[in-house]
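Undergrad: Okay, here's the prediction I keep looking at, along with the sequence it came from:
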Amino acid sequence: MNKLSVVPFHQRKRQLNKKHNKENLIISARQVFAQKGFENASVREIVLNAKLGSGTFYNYFEDKFDIFLIINGRLVNEFSDYFLKEIEKVKTFNELVRTAFNCWFSWILNEEENYQFIKNNKKYVLDLKWLSQNSKEYRVFNKKLFEIVIQMSKTIKFPQNDISFMVTSIIAVCINLGDEMLERDDVELNDASKFAAKLFLEGL
């Protein structure tokens, strides 16, 4: 039986309102951070954008960093779900590399809200050290990715290199080229993916 169904109606309504308010604040904060960046955004702007009372925010979050971590975690999970499904389809090492780059570049360029959020908060979300220290979601993603690649290496011919180094290198190239793409308007997705794959697989 659903726990809410045994709660008196007036209490159940209050619980649903709390859940709605919290989600509303998270959506609002993501919009504000996407527009202004974490450092330039304020709790007041988040609350006003959510159309809630000024004290509502602190019923759910300690500060704006607390809600920023939640949004970052969701962002990582969104990409992780999409990316891991895609790489499980590959049949060769070269295809794995191309898929990795294409997934990342298409994800940051084709989703406007992702693009703006990452662009204006790249000091955090494109910093692997920061992610490793602050995002349990990123650590889970990294672990899953490594496990999948290790499993693939048993059936797919891989270069005779340290797999951990290779995975870390692909992520680093994704991050750095993605950063460059966020600053330019003249880069085509396919061109960027081809360049990154060629750089990694063949050298310049």
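TA: In hand now; what should we look at?
Undergrad: For the rest of this, base every contact and every neighbour count on C-alpha atoms.
TA: Noted.
Undergrad: Return the helix or strand in the protein with minimum mean pLDDT.
TA: Among the helices and strands of the chain, helix 9-36 carries the lowest confidence by mean pLDDT, DSSP states H and E, at a mean of 79.
Undergrad: does the nearest residue to residue 75 once chain neighbours are set aside count as helix, strand or coil?
TA: Nearest non-adjacent residue to residue 75, counting by Cα to Cα, 6 or more residues apart in numbering: residue 114, 8.0 Å away. Following DSSP: H, G, I helix; E, B strand; the rest coil, residue 114 is assigned to helix.
Undergrad: Report the contact partners of residue 114.
TA: 34, 75, 107, 108 (Cα atoms under 8 Å, 6 or more residues apart in numbering).
Undergrad: same thing with residue 144?
TA: Applying Cα under 8 Å, 6+ apart as the definition, residue 144 turns out to have no contact partners.
Undergrad: State the distance from it to residue 31.
TA: With distances defined as Cα to Cα, to the nearest Å, the gap from residue 144 to residue 31 amounts to 29 Å.
Undergrad: Please apply the same query to residue 173.
TA: 28 Å.
Undergrad: Mind listing what's buried along the strand or helix carrying residue 194?
TA: Secondary structure from DSSP states H and E places residue 194 in helix 189-201. Within helix 189-201, the residues that count as buried by 16 or more other Cα atoms under 10 Å are 189, 192, 193, 195, 196, 197, 200.
Undergrad: for those, which one is nearest residue 158?
TA: Sorting these by how near they are to residue 158, with Cα to Cα, puts residue 200 at the top with 13.5 Å.
Undergrad: what's the distance between the closest one and residue 136?
TA: Residue 200 sits 28 Å away from residue 136, going by Cα to Cα.
Undergrad: on that earlier part again, what average pLDDT does the helix holding residue 194 get?
TA: Mean per-residue pLDDT for helix 189-201: 87.
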